[in-house]
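Visitor: After the sequence you'll find the predicted model.
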Amino acid sequence: MSSFKQQFLLYLKLSSAFRRAVKYLFVVVVFALLAPLLANDQPLMVYDLQGLHFPALRTSAVPQNFDNSIIQLNAPISYSPGVSDFNNSGYIGPFDQQFDSNDKGEQVTKNFFCRHWLGTTLRGCDVLSGLIHGAGISLYVGIMAALLSGVIGIFFGGFAAWHKVSGKKISILHLIVFILFFVFLLNVIFNVNASFILKVMILLLFLGLFVLISKMLKKSTLSNYAISIPIDFVEAQLNVLFSSFPKTLFIIAVGGFIIPGWTGLVFLLAITGWMEISRTARAEFLRIIALNYVDAAKMSGARFVNVLLKHLVPNALPAIITVLVFNVAICMLTEASLSFLGIGIPSDSVTWGTLLAEGRDYYKAWWLVVFPGFMITATIYSLLIVGEAFRDGKID
């Protein structure tokens, strides 16, 4: 870890492009984490006769009135994403005159500090607020999908490499049980309207059931009459099968049949993005398995999971991290594409892709193309620079 830190700081000092990329990604992450405090139509803090309140941190979507407050602290950008300002609807640009309503209901020029700094959409929604909150959605989808695909890819790659060396095979009965489990997994992910944690708990429960059934089949006499296939061959064919589908077109086709939501989209991106990680992990694991200390662990009777977590993954981590960084960029770009098309996402969500999509309806609204497009391009470009630094071996 100390070596990694030294290499990271050294390259951060020597490469200006890497330094700019890291700084930009750090700013995006900070803005995403602080989005409710930076852009919110509810006050950050209110002190009235009933005490001290923090309305911006509440999850209630119903706006509250704090006209009788003694002290009120508003967010720097007093607009929430997707909330309409009807006085400035109809594509108001950053440099156009903007209006507000006074107590008499008359339109007056908007206060300088309350302007829509990056313009508005057709419904009068603030673009800057959408960009700040959209950063959190893009990072959540990209990072979670990349991590989940990393777990799937590492497991399949390690499993294939381990059993390639041992020469073990899998019976057709086990393969049928695995296919049935995979179909059930897809049904739970995409057609069950539940939280992410609940879905993970259901999948873990049925994963344990799958392992139990596999052990029962292994002890059964039926397995003696079943045809066996090399495990490494099965993994390679699955990799080829999933890689043969055009990723974006496949997600668009499947996205029309699932419940719109970020959890389903994360799982869909992970299921269609584990192949490169699996290939990288398998190649690295085959190299590491040939080393003496792994042979010693195998001779001592260590299980596959123990060897995978203690020996294989830590030594293959630099190569895997490189693919993961690129995978984050791919997942974020795919999410922006799907948001632009309006497929597989909640209808009330404001993302960089949905803001970009609004610009196609009115070509004079240049701010709806420039600012979201810049955020998407700069973020993907920064991730690619960081990924190339890992790939070139300058950070390992």
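Guide: Now that the structure is in, tell me what you want to look at.

Visitor: For Phe99, give me phi and psi.
Guide: As for Phe99, its main-chain torsions (degrees, to the nearest 10) stand at phi -120, psi 160.

Visitor: Which residue is the nearest non-sequential neighbour of Ile154?
Guide: Once flanking residues are discounted, Ile154 sits nearest to Ala281: 5.0 Å by Cβ to Cβ, 6 or more residues apart in numbering. In short, each C-beta sits where N, CA and C put it, glycine included.

Visitor: er, Val108 actually
Guide: Using Cβ to Cβ, 6+ apart, the closest residue to Val108 is Asn102 (5.2 Å).

Visitor: neighbours of the one you found, just the number please.
Guide: If you count neighbours by other Cβ atoms under 10 Å, Asn102 ends up with 8.

Visitor: Surely it and Lys110 touch.
Guide: No: between Asn102 and Lys110 there is no contact under Cβ atoms under 8 Å: 10.9 Å.

Visitor: How about the longest helix that the chain contains, which residues are buried there?
Guide: Secondary structure assigned by DSSP state H gives helix 127-166 as the longest helix of the chain. For helix 127-166, a neighbour-count test (16 or more other Cβ atoms under 10 Å) marks 127-139, 141-150, 152-164 as buried.

Visitor: looking at this structure, which helix or strand does the model trust least?
Guide: helix 2-14 (a mean of 62; mean pLDDT, DSSP states H and E).

Visitor: burial count for Arg58?
Guide: Arg58, neighbours per other Cβ under 10 Å, totals 12.

Visitor: mind checking how far Thr97 is from Val254?
Guide: One correction, residue 97 is Gln, not Thr. Using Cβ to Cβ, to the nearest Å, Gln97 is found at 46 Å from Val254.

Visitor: my bad, Ile289
Guide: 35 Å.

Visitor: can you check Gly344 too?
Guide: 8 Å.

Visitor: shared neighbours of these two, anything?
Guide: Taking Cβ atoms under 8 Å, 6 or more residues apart in numbering as the contact rule, the neighbours common to Gly344 and Val254 are Leu268.

Visitor: How far does stretch 348-367 sit from its chain's centre?
Guide: 21 Å (Cα atoms, centre = their mean, to the nearest Å).

Visitor: re earlier: how many neighbours does the residue nearest to Ile154 have?
Guide: Ala281 has 28 nearby residues by other Cβ under 10 Å.

Visitor: Please name every helix or strand in contact with the helix or strand where it lies.
Guide: In this structure, Ala281 sits in helix 275-289 according to DSSP states H and E. Secondary-structure packing of helix 275-289 (3 or more Cβ pairs under 8 Å, 6 or more residues apart in numbering; DSSP states H and E): helix 127-166, helix 231-244, helix 313-341.

Visitor: after the shortest one comes which helix or strand?
Guide: Right, the one you point to is helix 231-244. helix 247-255.

Visitor: before we move on, back to that, which one's more surrounded, Gln97 and Val254?
Guide: Counting neighbours by other Cβ under 10 Å for Gln97 and for Val254 shows that Val254 has the greater number, 18 against 10.

Visitor: What separation is there between that one and Ser84?
Guide: 32 Å.

Visitor: Same question for Gln107.
Guide: For Gln107, the distance to Ser84 - Cβ to Cβ - is 16 Å.

Visitor: which of those two has more neighbours?
Guide: Using other Cβ under 10 Å as the criterion, Gln107 and Ser84 rank with Ser84 on top: 15 against 10.

Visitor: who's the more buried one bridged to?
Guide: Ser84 has these beta-bridge partners by DSSP bridges: Cys125.

Visitor: Look at it and report its pLDDT.
Guide: Looking at Ser84, its pLDDT stands at 89.

Visitor: Use 754 as the first number for this chain going forward.
Guide: With the count now opening at 754, the last piece we talked about shows up as Ser837.

Visitor: I figured it was touching Asp879, is that so?
Guide: No: using Cβ under 8 Å as the test, Ser837 is too far from Asp879 to be in contact (9.5 Å).

Visitor: got a pLDDT number for Thr812?
Guide: The predicted local confidence for Thr812 is 64.

Visitor: in a helix, that's where Tyr1116 is, yeah?
Guide: No: counting by DSSP: H, G, I helix; E, B strand; the rest coil, Tyr1116 is not found in a helix; it is coil.

Visitor: I figured Val894 hits Phe1020, correct?
Guide: No: shown here, Val894 and Phe1020 do not form a contact pair, counting by Cβ under 8 Å, at 10.8 Å.

Visitor: need the helices and strands packed on helix 1028-1042 in TSV with mean pLDDT, can you?
Guide: As requested, those are exported to TSV (pLDDT from 0 to 100):
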stretch	mean pLDDT
helix 880-919	87
helix 984-997	78
helix 1066-1094	87
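
Visitor: so where is the stretch 1004-1149 of the chain shaky, pLDDT-wise?
Guide: The model of the stretch 1004-1149 of the chain has pLDDT under 70 over residues 1057, 1145-1149.
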